[in-house]
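> coordinates only, no sequence provided:
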C-alpha cells in the first residue's frame, strides 16, 4: 500500500436494537461473540492487524458503551477510544473522525469500518482494502468496498457502477490487480435501502454491489464532502480536530453534538454522490445487525428439540434447551430474563420491541 500508513476509524457505537435481548444497555453489540470466543470488535482489530496499531487507530463509541468497550479491548488500544457525547448516527462519528485526522494531515487516508461485520477471509479482505487505500491515496475521491449481492436485500445500500478501470486508470500497483482479480469501478450512483421491488430489479443487474459500509478516502476528501452535503456537521465538528487531546475536548464535543441532526453518512452524504470508486470485495461478508444475519453464518444453533417444525433456529445465552412444536421459519433467542420468538422474515422489526421497552418504566430492566 502507500508509504504512509492509513488511519483506521472503527465505528463501535451502534445500539444493536435489532439484536435484543442479547444486546442490552450493559452489553454493546460489538462485545458479542459471534464465534463464541472473540468479540466482534476484537475480531475487527485482528482482521486489520498488523497495520492497525494504537497509534493509527481510532475506536469511536458512545458514552453509555465506553466502559464496557474499553474493558473488552487489549490494554494498548484503550487510549484509542474516542467518546461521542450522544448517539447521532454515523455522520456525526465520521465527521468528527475526519476533523481529527485532517488536523494532523489532510492527505492522510482514512479507512472507516464498522465493528459488527463478519468477514472470515482476512487475506481477501486485505486485497480489497489495500486497493481502496491505493485508489484513495492517488485520487481526491471516495473509495468504497462493494460486495456482490447474493440475495434480494432492501435493508442494504446498493452501489451502481460504471465500467471497470484498468490498472493505469486506477493508478494501482501491479500486484493489486490482474491475477488476483481485484476489480475497481467508477461509482455511478448510490441507492440507500431501496424498496423491495427496486431491490429485486437491482439484483438482476450486473453492475450493482451491496455497500459494505467501508469508506476509504483522504481526510480532506471526507471533510470536503461533509462541507458540501452536511454543512452543519462541518460547522460544529470541524473545530474539534484542533482541540483533540486538549482538556476541553469533551466539553466542546458535547456542545457540538447537541446541535447536530441525527443522520447516517449514507443518507447525508453517499445518497448525493455521483463520483468516486468502488473496489470489489471478493469475500464472504455479513452485516451482523440482525438475527437473520446471525442465522446466515450459522451462529443460531443452541441445543434444541424440533417436532413437526421446519427452519427453526435458536440461540441460548446459557445453554438453555429450546423445544418447538409445529413451527416454521422461526428464530428463538433465549436469555436468563427475556426471550425473543420472531418470524425469520421479521428480524428487522425487533427494534420495535426495544422502543416499547423504553416507553414503559416497568420494563426498564429488560432494555
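That came through, no problem. In this text, all values refer to a predicted model and were calculated from it rather than measured experimentally.
> use CA for all of it now, contacts and neighbours both
Noted.
> quick one: residue 314 from residue 126, how far?
According to C-alpha to C-alpha, to the nearest Å, residue 314 stands 33 Å off from residue 126.
> the more surrounded of those two?
residue 314 (25 against 16; other C-alpha atoms under 10 Å).
> regarding that one, what is its secondary structure?
strand (DSSP: H, G, I helix; E, B strand; the rest coil).
> tell me the contacts of it?
Residues in contact with residue 314 (C-alpha atoms under 8 Å, 6 or more residues apart in numbering) are 300-304, 322, 331-334.
> for it, list each beta-bridge partner.
With DSSP bridges as the criterion, residue 314 is bridged to residue 301, residue 332.
> in space, what's closest to residue 54 - neighbours in sequence excluded?
Spatial nearest neighbour of residue 54, excluding adjacent residues (C-alpha to C-alpha, 6 or more residues apart in numbering): residue 77 at 5.1 Å.
> and the helices in this protein?
40-48, 66-72, 89-104, 122-138, 167-170, 196-203, 219-229, 231-237, 240-243, 249-258, 265-268, 291-296, 351-358 (DSSP state H).
> list the helices and strands the longest one packs on?
When you say that, I think you mean helix 122-138. Applying 3 or more C-alpha pairs under 8 Å, 6 or more residues apart in numbering; DSSP states H and E, one finds that helix 122-138 contacts strand 109-114, strand 143-147, strand 208-218, strand 277-280.
> in JSON lines: those strands, plus distance to residue 183, mean neighbour count and mean pLDDT.
Supplementary listing: the helices and strands packed on helix 122-138 in JSON lines, determined by distance: least, C-alpha to C-alpha, whole Å; neighbours: other C-alpha atoms under 10 Å; pLDDT from 0 to 100:
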{"stretch": "strand 109-114", "distance to residue 183": "18", "mean neighbour count": "24", "mean pLDDT": "97"}
{"stretch": "strand 143-147", "distance to residue 183": "10", "mean neighbour count": "27", "mean pLDDT": "95"}
{"stretch": "strand 208-218", "distance to residue 183": "12", "mean neighbour count": "24", "mean pLDDT": "95"}
{"stretch": "strand 277-280", "distance to residue 183": "5", "mean neighbour count": "27", "mean pLDDT": "94"}
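> quick one: which of these is nearest residue 121?
Closest approach to residue 121 among those (C-alpha to C-alpha): strand 143-147, 13.4 Å.
> quick one: the closest one to strand 109-114, angle?
Put simply, strand 143-147 runs at 40 degrees to strand 109-114, going by axes from the mean of the first three to the mean of the last three C-alpha atoms, to 10 degrees.
> okay, now the sheet partners of strand 143-147, with direction.
Partners of strand 143-147 in its sheet, by DSSP bridges: strand 208-218 (antiparallel), strand 277-280 (parallel).
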